[in-house]
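Enquirer: structure for the following, please:
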Amino acid sequence: RAEKPLFRWWAQYCASAGDFQDALNFYRMAEDWLSAVKVLVHLGDVNEAKNLVLQSNDASAAFHLGRHLEESEDSKAAIEFYKMAKRYNHGVRLAMELGLEDAMVDLALKSHGDRGLQLQVGSYFENR
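Expert: Got it, this is the predicted structure:
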């Protein structure tokens, strides 16, 4: 749609003016899921951010939310959003820190040929 750049511009203006609800509405109209998730996280509405990522299936938004969840120490949820974002290395790193072996194997298998990541997970199991 031709209006998306205008909606995104207006959302940025609203956000800069501190009107985050209008910014969120216009980011949604622009289908700028990453920015919408950033606003939701800023507003503290993590559950709505999760719902938006799940509905949009946007990899950038999923990665941003995963990082936020990791910082908030919701590690298992962070791993799921890293997986959705196809950022398997971040998920494996976190799963290794927590000793979540099932998650490590799942992520390594989903990494579709990332030999380095698969070898890292294999090495983890050899050395335990």
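
Enquirer: so what's Gly91 closest to, chain neighbours aside?
Expert: Tyr82 (3.8 Å; CB to CB, 6 or more residues apart in numbering). C-beta coordinates here come from the backbone N, C-alpha and C atoms, glycine included.

Enquirer: quick check: that neighbour touching His90?
Expert: Yes - under the criterion of CB atoms under 8 Å, Tyr82 makes contact with His90 at 4.5 Å.

Enquirer: how about Leu65, what does it touch?
Expert: 37, 41, 46, 49-50, 53, 81 (CB atoms under 8 Å, 6 or more residues apart in numbering).

Enquirer: specify which member of these is nearest to Glu73.
Expert: Taking CB to CB as the measure, Glu73 lies nearest Val46 of the contacts of Leu65, at 12.4 Å.

Enquirer: residues near that closest one, how many?
Expert: Residues lying near Val46 (other CB atoms under 10 Å) number 17.

Enquirer: can you pull the pLDDT of it?
Expert: We have a pLDDT of 97 for Val46.

Enquirer: and stretch 50-69, what's buried?
Expert: Buried positions in stretch 50-69, judged by neighbour count with 16 or more other CB atoms under 10 Å: 50, 52-53, 56, 58-59, 61-69.

Enquirer: re the thing from before, common neighbours of Tyr82 and His90, please.
Expert: 63, 66.

Enquirer: looking at those two, which one has more neighbours?
Expert: More neighbours surround Tyr82 than the other of Tyr82 and His90, with 27 against 19 (other CB under 10 Å).

Enquirer: I'd guessed Val39 sits against Tyr27; true?
Expert: Yes - between Val39 and Tyr27 there is a contact under CB under 8 Å: 6.4 Å.

Enquirer: of all the contacts of Leu65, which two lie farthest apart?
Expert: By the measure CB to CB, Val41 and Phe81 form the most distant pair in those, at 11.8 Å.

Enquirer: good, we can wrap up now.
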